[in-house]
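# Let's see this in three dimensions:
(2 chains)
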2 protein chains.
Amino acid sequence: MKKLMSCKVVHLLNHDNVRQLIFQYYYKFSVQLSMHTIEIIIFKYFIWLINLLAQLEEFGRMRPVIVVHGGAGRIFKEREEGCRTGVVRAALRGYGVLKPGGSALDAVEEAVRSMEDDPHFNAGCGSVLNEKGEVEMDAIIMDGKNLASGAVSAVKCIANPIKLARLVMEKTKHMLLTDHGAQLFAQAMGVPEIPGEKLVTERSRERWKKNLEPDSNPVEFQNKSFVTDGWVGSPSALAYQFEIRDLGTVGAVAIDSEGNVACATSTGGLSNKLVGRVGDTACIGSGGYADNCSGATSTTGHGESIMKVVLARLILYHMEQGMSPEMAADTALEYMKTRVGGLGGVIVVSSSGEWAARFSTKQMSWATVKDDELHYGIYAGERHTKSVAEALASESEGL
Amino acid sequence: MKKLMSCKVVHLLNHDNVRQLIFQYYYKFSVQLSMHTIEIIIFKYFIWLINLLAQLEEFGRMRPVIVVHGGAGRIFKEREEGCRTGVVRAALRGYGVLKPGGSALDAVEEAVRSMEDDPHFNAGCGSVLNEKGEVEMDAIIMDGKNLASGAVSAVKCIANPIKLARLVMEKTKHMLLTDHGAQLFAQAMGVPEIPGEKLVTERSRERWKKNLEPDSNPVEFQNKSFVTDGWVGSPSALAYQFEIRDLGTVGAVAIDSEGNVACATSTGGLSNKLVGRVGDTACIGSGGYADNCSGATSTTGHGESIMKVVLARLILYHMEQGMSPEMAADTALEYMKTRVGGLGGVIVVSSSGEWAARFSTKQMSWATVKDDELHYGIYAGERHTKSVAEALASESEGL
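All right, here's what the predicted structure looks like:
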């Protein structure tokens, strides 16, 4: 039966019509095969395209960067380690917000809040005292996307002025609330009031007392509140007066994966300052500035000198003219030194993710995280590097 | 005897020695004559030189200029004449200081003080009221010679905040005192405290009450102090909100015969603002800036927008890049409008004595005096001109 069938097939194959049929079938099959191949190619190309787009999207996303400072000036030896630990912790906290896609605004707030809670710094708990022995604090936060900003000045009895500054930005139509009005606003926002004493450390109390002594160091200018000939000393004299002080204003700048920049600064100001003295921190353009078109910066140092040259905005002007963050920072700090005799420090991040931490004082505690790598230091030229994983492990072990 | 003498003289004249003697005498006399002539020439040249030097000195001395503003925004018809009179008076007062060689600093203080005392303006007496119905004022003054500055924010119960700002500059080592601290400082300086009611006009009280009504104009943004979605409206919406308001911040800029520039600004801020709200006026670089290297500027308008772009410093930055005061003012105002939707006005004087009064609002009252000629106006394109003598005569007759 099988043999018969085979003979029949051979017979059929020898038939012209059948051969033609087979040819047609083969042709159709070939075309189908070709179509199938094309489909496979298209599909493969589609997959490749999706991967490419994903890669391009990843490439287009900014690699987030955070830079923090814990104040410029002279940092006494016994405080060095605490400051290093504090800025590293703040930078890691800020990067912890940025890494999973958090905003620059949230990151700088988180970093500054971390340093406000740290008694090693002159902000929040650890703030220096005014002439009456009270803590009065200033803080500012700014969003580079729309130039929105919030600030508070001369605020008392709250743990985190930077949080209140953010509330001013987000919940009012104003940008700066001061003193009694800021306190009323804090109450309206449900920000808990804490006893002023909770913000005072033994160190700040001792320093305040020392400054009140009749034989206190005369070059530490904030001892005497009123002068007879104005605040116009020779640059070198001012620089010297500033150099000996032990400040600790805190600040942070960041760029997130969306390319938005932000800055935040918080301070207790000058030790033994007049009641109601507001420094550079609360003044937009002086204590900080953020603009997605150029970058963000936070300043620290002699507040009145910083205000005279509107330092933060000046740095970004230089960057708008094509300078790198480092060159812009150095140029502006040099100008402040030569024009008004003031010393200070700045942290900067550009809209392309370049960063700088520069200072004309002897020291400035700073830390930055970019590409999962942490850098930090205090003295000029000092730069330690660790991976974020290593730094987090060290931190959890108490660094 | 006489004849004998004559003969002897003739004889003597015929004698060679005598002739030589006469020649020598004549020669000596001629030389003496020449010397005398040279002396006269030298003396004349000396006198001419002194005159020339005096002329050169006169030429080298800057011709003083003062420019004042009485606020940008919408000026209601019934207030127009009062505003014109007020800015003209202020400009004449300031020029009265400059003309006999007074300083730019004294001139701007005098001009602003004049407008603080004038109830037509939102500064000093005539200030608008905050949400609680109180007057809280901000003021700044700045010296372009050394970038020294003094400011006060949220001050109450004093007639002239600009005077207190100058005291902050000259009698403290700080640059900005706020609220309660500023009040303590005023007491220490012997600045008289006045009842807050003395600063309140019928107009400001009525406006405050109207803003408190539940059906008050919703586009007048300061009616509602807290918002839920932040202070980020669309530019056109913001511009419209601002346009309808009737502000009256005052300011002055000047250059004196020594070539020093200065600026001063004073304001009651926004009507029905939150207690403790500080606007651009008290913030250096926003409400004003003065630098002998470029010029001086005072700003007015929507305070929060001015702060976002740090307007005063921005204008001088443009001038440092080579722009004229007018172009710098227009460029900065246009930027403020497009970037953050804010309207305002500015007055500018350059270090070479060029001046500008520009605004993006419907109106701004302004006046200037240069070369003994007064110019003033309110609407765009409006410019009246008078000689100072004529203006002073009109003023003494009640204008």
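# quick one: the strands in chain A?
Here chain A has its strands, by DSSP state E, at A:65-73, A:137-143, A:148-155, A:176-178, A:250-255, A:261-267, A:288-291, A:295-301, A:344-350, A:355-359, A:363-370, A:373-379, A:384-387.
# looking at those strands, which is buried most?
strand A:250-255 (a mean of 36; mean count of other Cβ atoms under 10 Å in any protein chain shown). The way it works is simple: take the backbone N, C-alpha and C, and place the C-beta from them, glycine included.
# tell me what that one is packed against?
In terms of contacts (3 or more Cβ pairs under 8 Å, 6 or more residues apart in numbering or on different chains; DSSP states H and E), strand A:250-255 is packed against strand A:65-73, helix A:77-98, helix A:104-116, strand A:261-267, strand A:288-291, strand A:295-301, strand A:344-350.
# want to throw the ones you listed into CSV with distance to chain B and mean pLDDT?
Below are these laid out as CSV (distance: least, Cβ to the nearest Cβ, whole Å; pLDDT from 0 to 100):
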stretch, distance to chain B, mean pLDDT
strand A:65-73, 16, 96
helix A:77-98, 19, 95
helix A:104-116, 11, 98
strand A:261-267, 13, 98
strand A:288-291, 7, 98
strand A:295-301, 13, 97
strand A:344-350, 15, 98
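# need the ones you listed in a markdown table with distance to residue B:163, can you?
A markdown table is the format used below for the helices and strands packed on strand A:250-255 (distance: least, Cβ to Cβ, whole Å):
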| stretch | distance to residue B:163 |
| --- | --- |
| strand A:65-73 | 34 |
| helix A:77-98 | 42 |
| helix A:104-116 | 36 |
| strand A:261-267 | 29 |
| strand A:288-291 | 31 |
| strand A:295-301 | 30 |
| strand A:344-350 | 31 |
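# Residue B:327: which of these is closest?
strand A:288-291 (22.1 Å; Cβ to Cβ).
# The closest one - contacts with which helices or strands?
Where contact means 3+ Cβ pairs under 8 Å, 6+ apart, strand A:288-291 is packed against strand A:137-143, strand A:250-255, strand A:261-267, strand A:295-301, helix A:311-320.
# which one of the ones you listed lies closest to residue B:192?
strand A:137-143 (29.2 Å).
# how about stretch A:165-179: buried residues?
A:165-179 (16 or more other Cβ atoms under 10 Å in any protein chain shown).
# farthest pair in the residues you listed?
Pairwise distances across those (Cβ to Cβ) peak at 20.6 Å, for the pair A:170 and A:179.
# Distance check, residue A:176 against residue A:105.
18 Å (Cβ to Cβ, to the nearest Å).
# for the stretch 101-250 of chain A, which spans come out with low pLDDT?
Regions of the stretch 101-250 of chain A meeting the criterion pLDDT under 70 cover residues A:215-246.
# Closest residue of it to chain B?
residue A:181 (1.4 Å; Cβ to the nearest Cβ).
# Just give the nearest non-adjacent residue to that residue, would you?
Leaving aside its chain neighbours, residue A:181 sits nearest to residue B:276 (1.4 Å; criterion: Cβ to Cβ, 6 or more residues apart in numbering or on different chains).
# Show me chain A divided up by domain.
Residue ranges of the domains in chain A are recorded as A:2-60, A:65-147+A:244-397, according to automatic domain parsing.
# Of all those, which one is nearest residue A:203?
Closest approach to residue A:203 among those (Cβ to Cβ): domain A:65-147+A:244-397, 7.7 Å.
# what residues does the stretch 251-399 of chain A put near chain B?
A:273-279, A:283-286, A:289, A:303-304, A:307-310, A:313, A:317, A:339-340 (Cβ under 8 Å from any Cβ of the partner chain).
# go again using 6 Å as the cut-off
A:274-278, A:283-285, A:304, A:307-308, A:310, A:313, A:317, A:340 (Cβ under 6 Å from any Cβ of the partner chain).
# Just give me the closest of those residues to residue B:134.
Of those, the one sitting nearest to residue B:134 (Cβ to Cβ) turns out to be residue A:276, at 17.2 Å.
# Now for that closest one: which residues touch it?
A:154, B:177-182 (Cβ atoms under 6 Å, 6 or more residues apart in numbering or on different chains).
# let's go with 8 Å and repeat that
Neighbouring residues of residue A:276 by Cβ atoms under 8 Å, 6 or more residues apart in numbering or on different chains: A:136, A:154, A:179, B:177-185.
# Closest one of those to residue A:205?
Nearest member of those to residue A:205, counting by Cβ to Cβ, is residue A:136, at 15.0 Å.
# That closest one and residue A:157 touch, don't they?
No - counting by Cβ atoms under 8 Å, residue A:136 does not reach residue A:157; the two are 10.1 Å apart.
# Looking at these two, which one has more neighbours?
Between residue A:136 and residue A:157, counting by other Cβ atoms under 10 Å in any protein chain shown, residue A:136 is the more crowded of the two (27 against 18).
# how about that one, phi and psi?
phi -130, psi 120 (degrees, to the nearest 10).
# Residue A:151 contacts residue A:167, doesn't it?
No - when contacts are counted by Cβ under 8 Å, residue A:151 is not listed as touching residue A:167 (11.0 Å).
# hang on, the earlier thing: state the number of residues packed around the residue of the stretch 101-250 of chain A closest to chain B.
28.
# any idea how far residue A:101 lies from residue B:127?
Distance from residue A:101 to residue B:127, counting by Cβ to Cβ: 47 Å.
# Counting neighbours, go ahead and name the busier of the two.
Neighbour comparison, residue A:101 and residue B:127: the larger count goes to residue B:127, with 30 against 11 (by other Cβ under 10 Å).
# Could you double-check that that one sits in contact with residue B:135?
Yes - in this structure, residue B:127 is within contact of residue B:135 by Cβ under 8 Å, at 4.4 Å.
# okay, and the common contacts of those two?
B:199-200, B:204, B:268.
# In the residues of the stretch 251-399 of chain A next to chain B, find the pair that's most separated.
The largest separation in these, counting by Cβ to Cβ, is between A:275 and A:317 at 34.1 Å.
# So for chain A, the centremost residue is which one?
residue A:253 (2.2 Å; Cα atoms, centre = their mean).
# Not including adjacent chain positions, what is the nearest residue to it?
Nearest one to residue A:253, counting by Cβ to Cβ, 6+ apart, is residue A:296 at 4.2 Å.
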